[in-house]
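Colleague: sequence unknown, structure follows:
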């Protein structure tokens, strides 16, 4: 484990412990795990393709309309695609996931936002397994909201078993 990974883990635990409610016990805390080998490269390639397509459209528009404004707008859109992808990955990496004896919690990086769900039986909708034992845990909600996910959890089977054990009979 790198020094920065150790620091991140310590900060995550401190942050999680600060969010505990009365009577809660911290069972597990984690952050967005390392992406599998090649995943960052693949994201970069997909973003690069999107930028190339936007630039190609800009060139075609320039030839057809010869409007510098329209071409600049397309260029800004291409850069925007890259930036939004970077921001999304950065935001997920700063999210802290925690599991207590009463709830599952997301501690976001934006405005120190806290989202939580009470532990209930069958609260896990699905698990997306990835290489090297990590994966995504998608939680079922009343609104059927896809945003309730623990992304890229290392040793996902262990965490899933803990969730099932804690939520049994609730």
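Modeller: Noted; the coordinates are in hand. Computed from a prediction, not measured in an experiment: that's the story for all the values here.
Colleague: for this protein, name the helix or strand with the lowest mean pLDDT.
Modeller: Lowest by mean pLDDT, DSSP states H and E among the helices and strands of the chain is helix 3-18, with a mean of 68.
Colleague: who's in contact with the helix or strand following it?
Modeller: Downstream of helix 3-18, the first helix or strand assigned by DSSP states H and E is strand 26-31. The contact list for strand 26-31 (Cβ atoms under 8 Å, 6 or more residues apart in numbering) reads 8-9, 12-13, 16-17, 20, 93-101, 150, 153-154, 159, 162, 166. Heads up, the C-betas are built off the backbone N, CA and C, glycines and all.
Colleague: what's whatever helix or strand comes next after strand 26-31 packed up against?
Modeller: The helix or strand immediately downstream of strand 26-31 is helix 39-65, counting by DSSP H and E. Here helix 39-65 touches helix 68-93, going by 3 or more Cβ pairs under 8 Å, 6 or more residues apart in numbering; DSSP states H and E.
Colleague: so for the helix it packs on, what's the average pLDDT?
Modeller: Averaged over helix 68-93, pLDDT sits at 73.
Colleague: what's the helix or strand following it in contact with?
Modeller: Proceeding N to C from helix 68-93, the next assigned helix or strand is strand 96-100, under DSSP H and E. Outside strand 96-100, the residues within contact range by Cβ under 8 Å, 6+ apart are 12, 15-16, 19-21, 24-31, 104-107, 150, 153, 159, 162-163, 166.
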